[in-house]
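A.B. asks: Only the shape, not the letters, is given here:
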């Protein structure tokens, strides 16, 4: 969904949505409710109840394959969430394969994504989804670090998105379907 379409669907200005996307504004319930409704996802999927240790995770950044990985949750479950910072100058692909499924959303900069024989540029606001059984590599040929929100799960545990079905008059409001192939621009 584009920023313009989300703004129209939620009644939230494009500038506010842009600041949320860039991390320059913290979302409150007054923003999260219409956004999750417009995207067809449950609010519980976006926020969770605070742990006994408190609601703030102070997890240390971890060096990872020449990049920096920032875990977004204390508990490692079937789906791992993390922010990946890909420094500029990471330009020599060294593809790897392993079990799993990856979903990536670019928050800042531009991510270079090599999947088998495809060499893709994923820009701010775009996402990619792929089986990690495909030979893959992440890089950055730009001047600024690329910041990427990542969800990684075991093979067979794919991310699902909710889509509105065509109007049928039968009262159905949504259905789940697997997210499609990488939504990237070359």
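C.D. replies: Cool, got the structure. Every value quoted in this text rests on a predicted model; they were computed, and no experiment measured them.

A.B. asks: What sits closest to residue 33 if chain neighbours are left out?
C.D. replies: residue 43 (6.6 Å; CB to CB, 6 or more residues apart in numbering). Any C-beta I mention is one placed from the backbone N, CA and C, and that applies to glycine too.

A.B. asks: do the same with residue 63
C.D. replies: residue 69 (7.7 Å).

A.B. asks: beta partners for that neighbour?
C.D. replies: Using DSSP bridges, the beta-bridge partners of residue 69 come out as residue 62, residue 84.

A.B. asks: Does it touch residue 62 like I think?
C.D. replies: Yes. Between residue 69 and residue 62 there is a contact under CB atoms under 8 Å: 4.7 Å.

A.B. asks: Of those two, which one has the most company?
C.D. replies: With neighbours defined as other CB atoms under 10 Å, residue 69 and residue 62 compare such that residue 69 has more, 16 against 11.

A.B. asks: Show the pLDDT at the residue with the shortest distance to the centre of the chain.
C.D. replies: Centre of the chain computed as the mean C-alpha position; nearest residue by CA atoms, centre = their mean is residue 105, 3.4 Å away. If you check residue 105, the pLDDT there is 96.

A.B. asks: Look up phi and psi at it.
C.D. replies: Dihedral pair for residue 105: phi -130, psi 120, per degrees, to the nearest 10.

A.B. asks: pretty sure it contacts residue 127?
C.D. replies: Yes. Assessed by CB under 8 Å, residue 105 is found in contact with residue 127 at 4.4 Å.

A.B. asks: contacting residues for the residue nearest to residue 63?
C.D. replies: With contacts defined as CB atoms under 8 Å, 6 or more residues apart in numbering, residue 69 is in contact with 61-63, 82-85.

A.B. asks: Turn the residues you listed into TSV, columns for distance to residue 117 and pLDDT.
C.D. replies: Shown next, in TSV, are the contacts of residue 69 (distance: CB to CB, whole Å; pLDDT from 0 to 100):
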residue	distance to residue 117	pLDDT
61	32	89
62	30	88
63	29	90
82	27	92
83	28	94
84	23	95
85	27	95
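
A.B. asks: neighbour-wise, which of the residues you listed leads?
C.D. replies: residue 84 (22 neighbours).

A.B. asks: surely that one meets residue 68?
C.D. replies: Yes. With contacts counted by CB under 8 Å, residue 84 reaches residue 68, the gap being 7.4 Å.

A.B. asks: Tell me what the residue nearest to the centre of the chain is bridged to.
C.D. replies: Under the criterion DSSP bridges, residue 105 forms beta bridges with residue 127, residue 149.

A.B. asks: any idea how far it is from residue 91?
C.D. replies: 22 Å (CB to CB, to the nearest Å).

A.B. asks: and what of residue 62?
C.D. replies: Noted for residue 62: a distance of 22 Å to residue 91, by CB to CB.

A.B. asks: Ok, residue 146 next?
C.D. replies: Applying CB to CB, the value for residue 146 to residue 91 is 12 Å.

A.B. asks: Alright, I will stop here.
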